[in-house]
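# Need coordinates for the below:
(chains A and B)
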Amino acid sequence: MGATNMKRIVAILSIILLALTANAVDFTAQVNELIPKLAAEDVGSRYEPQMQLQAIAANASKPGHETERAALGAVLAAKAVDASVPQPARVWIVRQIEYIGRGEAVASLASLLGSPDAELRECARRALEKNPDPKAADSLREALQKGGDAAWKIGLIRSLGEKRDAASTRLIAASLNDPQVGGAAAKALGQIASPEAIQALWSVINTQPLAAESLACAASRLNSSEIAARLYRQSNLSPIRAAALSVLAKTDPKALEEALLGNDLRLQKVAAELAPPATLVALLPKMPSSAKVFALRAIDTEKPALDCAADADESVRVAALEAMLRVGTAYSVPLLIKAAASGSEAEKVAAIASLARINGRGAAEAILRQAAEGESAARVAAINALAARAAKASVPALLQYAADSDAAVSKAALQAIAKLGSDESLDNLVKLVLAGRAGAKDALQAVANRSADKSAVGRKLAAQAQATSGPQLNGILEVMALVGGTEALDTVVKFASSSSDDVRDGAIRALCQWREFVAVRPLLEVAAAPNVKLTHQVLAIQAVCRLIRSVESEPAQARVEAALAALKAASRDQEKRQVLSALASIKDRKAADAILKLLQDPALKTDAAHAALSLADALQKSDRNSARKLAEAVKKADISPDLTHKADESLKKK
Amino acid sequence: MKRNCQISRRNFLKQSAVLAGTALAFPTIVPSSVFGQNAPSNRIGLGLIGMGLMMGSHQGHFLGRDDCQVLAVCDVDRKKREEKKAAIEAAYARKKGLGTYKGCDAYNEFERIIERPDIDAVVVVTPDHWHAPISTMAMRHGKDVYVQKPMTLTIREGRIMSNVARQYGAILQVGSQQRSEWAFRKACEIVRNGWIGKVHTIYAGLGEFPPPQTLPEQPIPDGFDYDRWLGPTPWYPYNENRVKGNYGGGWRCFWDYGSRKNGDWGAHHFDIIQWALGMDDSGPVEFIPKGYNGTEYQTHIYADGTKVLRDHPDRKGHMIRFLGEKGEVCVSRGGKLDTIPVELKDRPLGAGDIQLYVSTHHESNWIDCIKTRKTPICPAEIGHRTATICHLSGIAERLGRPLKWDPAKEEIIGDAEASRWMDRPRRAPYTYI
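Next up, the predicted model:
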C-alpha cells in the first residue's frame, strides 16, 4: 500500500474517531446529567428524564446517522454495566439499548446476563434478542448453557428461537421433555426449523404437546410439503391437520381430494379455500353436503351452482343460490325467481339477496322478462328484485304492471315505483289513484315527496282539478293532499270554500289529510267557521292534532298556538280532550306553561290534569323543573284522589 | 423485585394433546346448523376471558341468546371473576326459571378454558397485550375467537394471527363493531362507489390520553395475579393506575400495553377509513407524527395521495369526515350521517354498485358465522391491517420521525431501528405466540 493511500486511510479513520469521540463526549454528558434524575427518589419525576433519554436514542438512531447511533450505543453500554449507576437508571438505559444497540453493546449486555439483579438480567436478554449482531446469539446461548430457573431458561430459549439460532438446536432440544420448559423449546425449534430442529421435534411428537404445532409452524415458514405431508398423515388432531393441509394444498392434490371428500368440516373448509376452482368443480358431485357448501362459496363458474340448486340438502341449495350472486348469469335467474317465490325461508332469503345484485351476462334482462309475464308469484319476485336493484329504467314497465289485473303484481309494482319513480311517473300515478288502485296513493306520495319541484307538480294537479268534477275531482284533491306544496294547498283551500256541498266536502276531507304544518291555518279556519258542519269541524281538529304531534320540526311555539286555537274552536269535549293530548305531546316548556293555565279552567281542569301529568313524564329527563311544576299544579288543584296520587308518583321520580 | 411466576402451561394442555388421541373437529353444533336442522340442544359453548369494563355488554348479549351458553369466565382478579361467575349463574337461573344454577366455572388462567373440549369459542376482552397470545392459542386448539380491538399489540402478532386463522380454519371476529352500524357502512359505500369523487383528505377524531407515568410501587391486592396480568410485557412494580381499565386512561395510557389513542379510537376510525377506501388488504405508505417539521396533525398517507389527519377540528361535529372532489361524507355513531350533496345519504345502491358486507349486529354476525363457517365482517386479516396503522402511527410518534411503509411486503422502508418495533420481546414464561 503506498504512503499516500496510507495517509488517506489514517486521515479518514482520524475523522471518524474524532466524530465518534466528539459524539461520545456529548452523549456521555447528556446521559450523565440524566442518570440521577432517572433514579430520583420521587418515582413520578423519573418520567420526564426517561422520555428525554428515549428521545436522544430515537434521534441518534435515525437512518443515515450510524456514527451517532454507535457512539450513543457505546455510552449506554458502558453505563449499563457501571455498578455506580443506580439500578433504575441502568434498567432504563438497557431498555434504550434494546431499541438501538448493535455490536458495541453486546459485551455489556452479555455480562448483564449474569447479573444478580433479575430485572437487569431480563432487560439484557430482551436487548440481546433484538440486537442484530451475531455475537448476541452467542451470548444468549452461553447463558442457556449455564442454566437457571425455568422462567429464565424459557426466556433465553424464546430469544434464541426468535433469532433462528440454528447453533442452539441441540441445546434447546435437550429441554423438549422438561415439563416446564419443553413447550418453549418446541416453539423455538419450530422457529429455527433447521433439519436438526425438525428431527428433534419429530422425536417427541407423541410426548411433547407443542411439537405438532411447532412442526406446523415450521412447515408454513419453510413452505415444506414434506413436513406438512407427514404431519397431515400422522396427526389425528383436526386443527393440526388443517394447518398442515394449508401448506400441502399447493403440491398434493390427493390430500385436497381426501379432505374434500372426508367428514372433517375444518379440513373441508380449508381445502375448499385452497383448491383450484377446477378441482372443486370436478369433485363436487362426490362431496358430502357440508363440503359442497364450502366449495360453492369458492367456485368461479356458474354451472356447479346451477347443478346444486336442486340438491336434496337445503344447505347446499342455499349455498348454490348465494353463489349465483357472484357467478350467475341469465341462466341463474329462473332458479332464483323460483326460489324467491316459493322456496323455503332460507332459500328465499338467499335468492332475494342474489337477485338484488346478480350482474352476470343477461341477468338484468332476464329479470325484466320474468317481471313481464308468467305466474303471479314469480312476477312479484322479479318486480321486487327490480326495486332492490334500483333499476330505474324499469319504471315505465312497472307503471304498466301497476295497472295489471293481478292484484299481487299491481301491488308489487306500485311498491317498486314508490322506491324508483320520479316526476315523470306522477301523471300515471295520479290516474292509478283516480282509478282506485290499491297502493297507488302510497306510491304517489313517496314519489311526490322526492320531487325537486313540488310547485310544478301542484300546478299540474291544479290544472287537472279545474278541468274535472264529481268523484274524479275529489280523487285529485286527495292526491294533492299527498303531494303537498303551496300550489296544491292553495287549490284545495279554494275548493274548500266552494258553494257546492259535495265539492266543499271533498276539499275539506282532502285538506284534513295534509302532511305539512302549513295546512294548520286553513284547517283552523274550517274548524272555527260559523255554521261549520260538525263532521268537518271534528275532522279538521283531528287533522290539526295529527300535525301537532307529527311535525316535530315545527317550532314549539307554533304548535302550542295551533293547539290553543283548536281548543277554542272545538265545541265538544271529545275534541277538546284530543287537543289537550296533542298539546301534551309537545315536549317543551311553552306547552307546559299553556297547560298550567288551562288547569285553572273549571271546564277543562280534569283533562288538562291528565295532559299535565303526561307531559311531566315526558319532560322528566329534559326539563325537570317544568315537570315538577306540572305535577305540583295538579296536586294543588286537588281534582280527584286518583290524579293527586299520580301527581305524587310523578314528584317522587328522580 | 418480587415475582410469582407460574410455569404450568404444559399441564393445562395435556388433555388436549396428541396423548389423548382426540381428534378435535368443529364444535358439534356446526353440522346441525350448516345443514339447517337447528336442534334446540345445540348451543355454542363460550368462554369469556377478561371480565373488566368492556366485557359487560358482550356478556349481556351472549347471556340473552338461546344458541350460546357461557360455560366459563377467566380473569386474573379473583374478586372480578367470582362476581361475574355468580352474576352469570344468577342470570341463567332466572332465564331457566330455576332457584339456583351452577354451570359457569371461573379460572385465573385462560389455558383452562382453552383446554376444555366443551368450549367452542372464546371472547377475548383483555388489555391489548394479551389479545394475540390468547387468540392464537385458542385458534390452534380449534376454538373460534371474538377479540376486542385493536387486534394486536405489534405488527408481527397481526400477521401471525391472520395466518393462524386461515391455516386452522378458525372464525375470528375483531370487535370493530362500527362495521356493523348502518351509517358507517353507508358512508363507506358512498365513498367506494365514487359518489363524492376521489377522496383526498379524511379527518378522524381520536382525542388524547394523559401521558403515561412512572408510578411508585404499591402492594399487590390479595387475589390479583399481577404477574399474569403483565404477561409478556416488561416487569414494572404494581400500581393500581397501571392496571385499571377505564375509558379515560389506566393501562390504555401506557405504550407497554397498547398504542394509546391510536389503538383505542384509532382502531375504530382507521378501520372505517380502510373499509371506505377499499384498502382492507393493504394500507398507507407513510406515517408522519404530529410536530415533525411543523406538521400540525398526525398524518398517514395512502399511495394515491389520500391523507388522513388525526383530530383535525373541522369535522363538523362528526367522528370522521371524508372530503372528495365532488362532495363529502360525515359520519358518527348513533346513525349520524351527513352528505354533500344531501341526497347521497338516501341514494339506493344499484345492482352494479359496490355493496359492502351487511351486518346489523357484530356479535350476532360472529355467532352466525361460527354456525355457517362463513367469513365474518371483520376477520383477522382486516383486523391486522387496521391495527398495523395504529402501531405504525404509534411508532412514528415514539421515534419522532416519519416512517415509510410497504404494505405489500409489510416492511418499514429504510429504517432498521424503527423496524425493531414491529415486534417486542416477551417476558417468560408468557412467550406463547
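
# A:Ser238 contacts B:Gly142, doesn't it?
Yes - using CB atoms under 8 Å, A:Ser238 is in contact with B:Gly142, at 6.4 Å. Bear in mind the C-beta positions are built from the backbone N, C-alpha and C, glycine included.

# Compare the two (neighbour count), which wins?
Using other CB atoms under 10 Å in any protein chain shown as the criterion, A:Ser238 and B:Gly142 rank with B:Gly142 on top: 26 against 21.

# hang on, that one is in a helix, isn't it?
No - counting by DSSP: H, G, I helix; E, B strand; the rest coil, B:Gly142 falls outside a helix, being coil.

# Now do A:Glu162 against chain B, distance only.
To chain B, A:Glu162 is 7 Å away according to CB to the nearest CB, to the nearest Å.

# Can you report how many residues lie near that residue?
A:Glu162 has 19 nearby residues by other CB under 10 Å.

# average pLDDT for the helix or strand where B:Val329 lies?
Remark: B:Val329 resides in strand B:328-332, with elements defined by DSSP states H and E. Strand B:328-332 carries an average pLDDT of 98.

# And it, what does it pack against?
Judged by 3 or more CB pairs under 8 Å, 6 or more residues apart in numbering or on different chains; DSSP states H and E, the packing partners of strand B:328-332 are helix B:182-192, strand B:320-324, strand B:336-340.

# which stretches of the stretch 151-300 of chain B form strands?
B:172-174, B:199-204, B:245-246, B:249-250, B:286-288, B:299-301 (DSSP state E, counting those that start in this stretch).

# Pull out the buried residues from the helix or strand hosting B:Ala93.
Element membership for B:Ala93, per DSSP H and E: helix B:78-96. Residues of helix B:78-96 classed as buried: B:Lys80, B:Arg81, B:Lys84, B:Lys85, B:Ala87, B:Ile88, B:Glu89, B:Ala91, B:Tyr92 (neighbour count, 16 or more other CB atoms under 10 Å in any protein chain shown).

# same thing with stretch A:254-263?
A:Ala255, A:Leu256, A:Glu257, A:Glu258, A:Ala259, A:Leu260.

# Wait, a strand at B:Val123?
Yes - according to three-state DSSP, B:Val123 belongs to a strand.

# So for it, what's the pLDDT?
98.

# and it, how many neighbours?
Using other CB under 10 Å, B:Val123 has 26 neighbouring residues.

# what stretches of chain A score poorly on pLDDT?
A:1-25, A:654 (pLDDT under 70).

# what residue lies at the spatial centre of it?
Of all residues in chain A, the one closest to the mean position by CA atoms, centre = their mean is A:Ala353, 19.1 Å from it.

# so what's it up against?
A:Ala353 makes contacts with A:Glu322, A:Leu325, as judged by CB atoms under 8 Å, 6 or more residues apart in numbering or on different chains.

# helix, strand or coil for it?
helix.

# The stretch 301-433 of chain B: strands as residue ranges?
Using DSSP E, counting those that start in this stretch, strands in the stretch 301-433 of chain B cover B:307-310, B:320-324, B:328-332, B:336-340, B:403-406, B:411-412.

# Between these, which one is closest to A:Ser175.
Closest to A:Ser175 of those, according to CB to CB: strand B:411-412, at 33.1 Å.

# check which helix or strand covers the spatially most central residue of chain B.
The residue lying closest to the centre of chain B (CA atoms, centre = their mean) is B:Lys149, at 2.1 Å. Here B:Lys149 sits in a region with no helix or strand, counting by DSSP H and E.

# now A:Ala200
If you go by DSSP H and E, A:Ala200 is part of helix A:195-203.

# which outside residues touch that helix?
A:166, A:169-170, A:172-173, A:176, A:186, A:189-190, A:208, A:211, A:214-215, A:218, A:227, A:230.

# With only the CA atoms kept, save that helix in PDB.
Once non-C-alpha atoms are left out, helix A:195-203 reads as follows in PDB (Å, rounded to 0.1, in the frame of the first residue of the first chain):
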ATOM      1  CA  PRO A 195     -33.200 -30.100   9.700                       C
ATOM      2  CA  GLU A 196     -31.900 -31.000  13.200                       C
ATOM      3  CA  ALA A 197     -34.600 -29.000  14.800                       C
ATOM      4  CA  ILE A 198     -37.300 -30.700  12.800                       C
ATOM      5  CA  GLN A 199     -35.800 -34.100  13.600                       C
ATOM      6  CA  ALA A 200     -35.800 -33.200  17.300                       C
ATOM      7  CA  LEU A 201     -39.500 -32.300  17.100                       C
ATOM      8  CA  TRP A 202     -40.500 -35.500  15.400                       C
ATOM      9  CA  SER A 203     -38.700 -37.400  18.100                       C
END
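
# next helix or strand past that helix?
Past helix A:195-203, the next helix or strand by DSSP H and E is helix A:211-222.

# Run the angle between that following helix and helix A:195-203 for me.
Relative orientation of helix A:211-222 versus helix A:195-203 (axes from the mean of the first three to the mean of the last three CA atoms, to 10 degrees): 150 degrees.

# and the angle for the helix or strand following helix A:211-222 with helix A:211-222?
Downstream of helix A:211-222, the first helix or strand assigned by DSSP H and E is helix A:225-234. Put simply, helix A:225-234 runs at 150 degrees to helix A:211-222, going by the same axes, to 10 degrees.

# and helix A:225-234, does that touch chain B?
No - using CB under 8 Å from any CB of the partner chain, helix A:225-234 never reaches chain B; the gap is at least 9.2 Å.

# Summarise which helices and strands that helix is packed against.
Using 3+ CB pairs under 8 Å, 6+ apart, the elements in contact with helix A:225-234 are helix A:211-222, helix A:238-248.
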